[in-house]
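[1] coordinates only, no sequence provided:
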């Protein structure tokens, strides 16, 4: 019988077992992330909601203190890069998953005894811990995945595999929203402990499959005869050295960093639009409606569009979908800044960023060397992304001080369009170079 989904996901029979295992792996990682995210944020905001937080002579509201915590995440990410790089010198694929999953399982046990009656140290460390989970486990997952397939395989299977993350986000967010008040925080942490144990089991099974038919190793490029091996150097900067020696990797840095800035500005426009046009309970209802529409869009795109575009039209075309969608909605909002156009800015961003864009962006690492897959990617995913988020926090603070009236919010779309134009230049180079590396 012909495969009815062949036009969307042309996965070969022998590729299906690994694809389903990695789908399940990513589903559990993102489900855990969406359990931890509201827990860490809720604990932090609730703890400082009444009395605020004092930093020397600076008294902060809970929301301001959270911005400080987001900046501190960049410091944690720098340490995570060093640890990940050091371990990646000796371990790979399921071995890294075992180490990091075991670490988080121990943390779940520890926090389960103290999180229900927290103090300042618990609140701050748990907030940073929640972000560290996504930083390390997502990077570990994609390093495993990119080190397990060829470029042609990636075009076929990434649509299904990354759909696991999309589904995990929808599932995790829904479960928490329904049951968050029915269980204590320590109970939620024991659920995360169980998902970590399942991740280990799945990773071991996937690793055995890859070991039976490993992909061809790609040697690290030597641009000069005297290029030194950096594998014994400072682990914190090893990935950075690889990035700054490669125009290809720098183009990926541009894609990641510019997106974070654009997404922050669009989220501000989205929030301001709803706050301007609606009041009271209607605000929460509109947010809920748009998040539902965005999640459904992301699932539809990942299931029916991603595999088709990546396999039939190529990685470069897939990478163009998100920036073009953002330009279209930004132009629409600039011309007509009404409620629903402003609301759909969120869908244009998150509906495509966590689906087709993430699949295509991750595929860019497949034709790179092992060091680049693990060390350079860790630097980009952990440090560059967090640094860009810190810059985005500064941008958002600057925006809120300059654009104080809703009538001026539409002109932020000009800034977005300019940044996206630079982003597209990086996409075109990365896509072209990917095609050259996979010929």
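    Received the coordinates, thanks. Model, not experiment: these values are computed from the prediction.

[2] what about the longest helix in this protein?
    Assignment by DSSP state H gives helix 16-48 as the longest helix of the chain.

[3] by contact count, what packs against it?
    Secondary-structure packing of helix 16-48 (3 or more C-beta pairs under 8 Å, 6 or more residues apart in numbering; DSSP states H and E): helix 62-88, helix 120-146, helix 151-179, helix 185-212. Quick note: C-beta positions are derived from backbone N, CA and C, even for glycine.

[4] can you list the domains in the protein?
    Annotated domains of the chain cover 14-215, 237-439 [automatic domain parsing].

[5] need these in CSV (columns: mean neighbour count).
    Output for these, formatted as CSV (neighbours: other C-beta atoms under 10 Å):
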stretch, mean neighbour count
domain 14-215, 19
domain 237-439, 19
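
[6] same list (those) but as JSON lines, adding mean pLDDT.
    Shown next, in JSON lines, are those (pLDDT from 0 to 100):
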{"stretch": "domain 14-215", "mean pLDDT": "89"}
{"stretch": "domain 237-439", "mean pLDDT": "89"}
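
[7] show me what the helix or strand following the longest helix of the chain is in contact with.
    Next in sequence after helix 16-48, counting helices and strands by DSSP states H and E, comes strand 53-55. Residues from elsewhere that reach strand 53-55 (C-beta atoms under 8 Å, 6 or more residues apart in numbering): 59, 60, 62, 64, 65, 68.

[8] for those residues, name the two members farthest from one another.
    For the contacts of strand 53-55, the maximum inter-member distance is 12.5 Å, found between 59 and 68 (C-beta to C-beta).

[9] quick check: neighbours shared by these two?
    Counting by C-beta under 8 Å, 6+ apart, no residue touches both residue 59 and residue 68.

[10] for residue 285, find the nearest of the helices and strands packed on helix 16-48.
    helix 151-179 (14.0 Å).

[11] for that closest one, name the packing helices and strands.
    helix 16-48, helix 281-301, helix 307-308, helix 358-363.

[12] from the chain's centre, how far out does it sit?
    Its chain's average C-alpha position is 12 Å from that of helix 151-179, according to C-alpha atoms, centre = their mean, to the nearest Å.

[13] for the closest residue to residue 152 other than its chain neighbours, which residues are in contact?
    Residue nearest to residue 152 in three dimensions, not counting chain neighbours: residue 438, with 7.4 Å by C-beta to C-beta, 6 or more residues apart in numbering. Contact analysis of residue 438 by C-beta under 8 Å, 6+ apart lists 151, 152, 366, 367.

[14] my guess is residue 235 contacts residue 79, does it?
    No: look at residue 235 against residue 79 with C-beta atoms under 8 Å: they stay out of range, at 10.3 Å.

[15] which residues in the stretch 201-350 of the chain form helices?
    With DSSP state H, counting those that start in this stretch as the criterion, the stretch 201-350 of the chain has helices at 235-244, 247-277, 281-301, 307-308, 315-335, 339-352.

[16] got the contact list for the residue nearest to residue 207 when sequence neighbours are not counted?
    Nearest-residue entry for residue 207: residue 94, 3.2 Å, with adjacent residues in sequence omitted and distances by C-beta to C-beta, 6+ apart. Contacts for residue 94 (C-beta under 8 Å, 6+ apart) come out as 144, 203, 204, 206, 207.

[17] 10 Å instead, please
    Each residue near residue 94 by C-beta atoms under 10 Å, 6 or more residues apart in numbering is listed here: 25, 101, 140, 144, 148, 199-200, 202-208, 210-211.

[18] how near is the residue lying closest to residue 309 once chain neighbours are set aside to residue 280?
    Leaving aside its chain neighbours, residue 309 sits nearest to residue 318 (4.7 Å; criterion: C-beta to C-beta, 6+ apart). Distance, residue 318 to residue 280, using C-beta to C-beta, to the nearest Å: 41 Å.
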